[in-house]
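S.K.: Next input, structure requested:
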Amino acid sequence: MLFIALVTGAITFVYEIAWVRMLSLVLGSSTHSFELMLSSMIFGIALGSLWVKKRIDAYDNLLIALGVILCCKGVFAMATLPLYLSSFDVIQVLFNTLNKTAFSYAAFNVTGQVIAMSVMVPAAFFAGMSLPIITMYLYRSGHGESAIGRAYAWNTLGAIIGVALAVHLGLVYLGVKHLVVVAALVDIGIAIALIATSKHLRARPTVAIAASASGVVLLLTVSGVTFDPLK
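M.R.: Purely as a prediction, here's the structure:
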């Protein structure tokens, strides 16, 4: 489970690097634009952690819960690609409509925040749910409170590894689109493996639903999303 904490941390930050790379072309590469993106990512993670806080005790099978969460995380990550393409059109309309006034600057920032949140929050929400589930699973398995520290340490190490891999290898050799798709497939693969190894009665139908939904989204993403270099 600690290895899963490492991998999920890495994948989450692979997404973040890809999203920052995408949105920097839409919102600009200024520090202020990065603040909009970072705040959206942190908000999504915090919201997911808050949501699962009141529900985690009711989960009778944490492996299935974690599997469903990671599957949703991967599916929503792939769904950011078509959303990203449409954001160019929103910004273009905004530039053609607004004048250079203080109100226009505020409107641009609000719109930029909405775009960044639309791209980042859905998948980040499920990322925020995953680590509490992992720590609770370790705690219930008899590892004690020290499991919390170990889970967070491995997750943080995974985040560092994910950033390094995304920046130095992923973006260079895969490009943004395929980097997101590959990372999502890792999330979904772990999700299906977790559900499949569970002995719960709902495991088999859940695997079928997760695999089918992920396959449809993957097919639509790979075949239907084409990045335009001119944009």
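S.K.: Spit out the contact partners of the most centrally placed residue in the chain.
M.R.: Note on the chain: the residue nearest the mean C-alpha position is A123, at 3.5 Å, using C-alpha atoms, centre = their mean. Applying C-beta atoms under 8 Å, 6 or more residues apart in numbering, we find A123 in contact with 15, 44, 73-74, 76-77, 80. Every residue, glycine included, has its C-beta placed from N, CA and C.
S.K.: Next: L165.
M.R.: Counting by C-beta under 8 Å, 6+ apart, L165 touches 10, 14.
S.K.: tell me which element it is part of?
M.R.: When secondary structure is defined using DSSP states H and E, the element that contains L165 is helix 146-165.
S.K.: Show the average pLDDT along that helix.
M.R.: Taken as a whole, helix 146-165 carries a mean pLDDT of 93.
S.K.: How many residues are close by F103?
M.R.: Burial of F103, expressed as a neighbour count using other C-beta atoms under 10 Å, amounts to 9.
S.K.: okay, the angle between the helix or strand containing it and helix 146-165?
M.R.: Element membership of F103 [criterion: DSSP H and E] is helix 102-138. Here helix 102-138 runs at an angle of 130 degrees relative to helix 146-165 (axes from the mean of the first three to the mean of the last three C-alpha atoms, to 10 degrees).
S.K.: Give me the buried positions along helix 102-138.
M.R.: Residues of helix 102-138 classed as buried by neighbour count (16 or more other C-beta atoms under 10 Å): 108, 111-113, 115-138.
S.K.: burial of G224, as a residue count?
M.R.: A count of nearby residues for G224, using other C-beta under 10 Å, gives 9.
S.K.: tell me the contacts of it?
M.R.: P82.
S.K.: okay, it: pLDDT?
M.R.: Among the per-residue scores, G224 shows a pLDDT of 75.
S.K.: ok, now D228?
M.R.: Predicted confidence (pLDDT) for D228: 82.
S.K.: Could you pull up the residues touching it?
M.R.: For D228, counting by C-beta under 8 Å, 6+ apart, the contacting residues are L85.
S.K.: Helix, strand, or coil at it?
M.R.: Judged by DSSP: H, G, I helix; E, B strand; the rest coil, the three-state class of D228 is coil.
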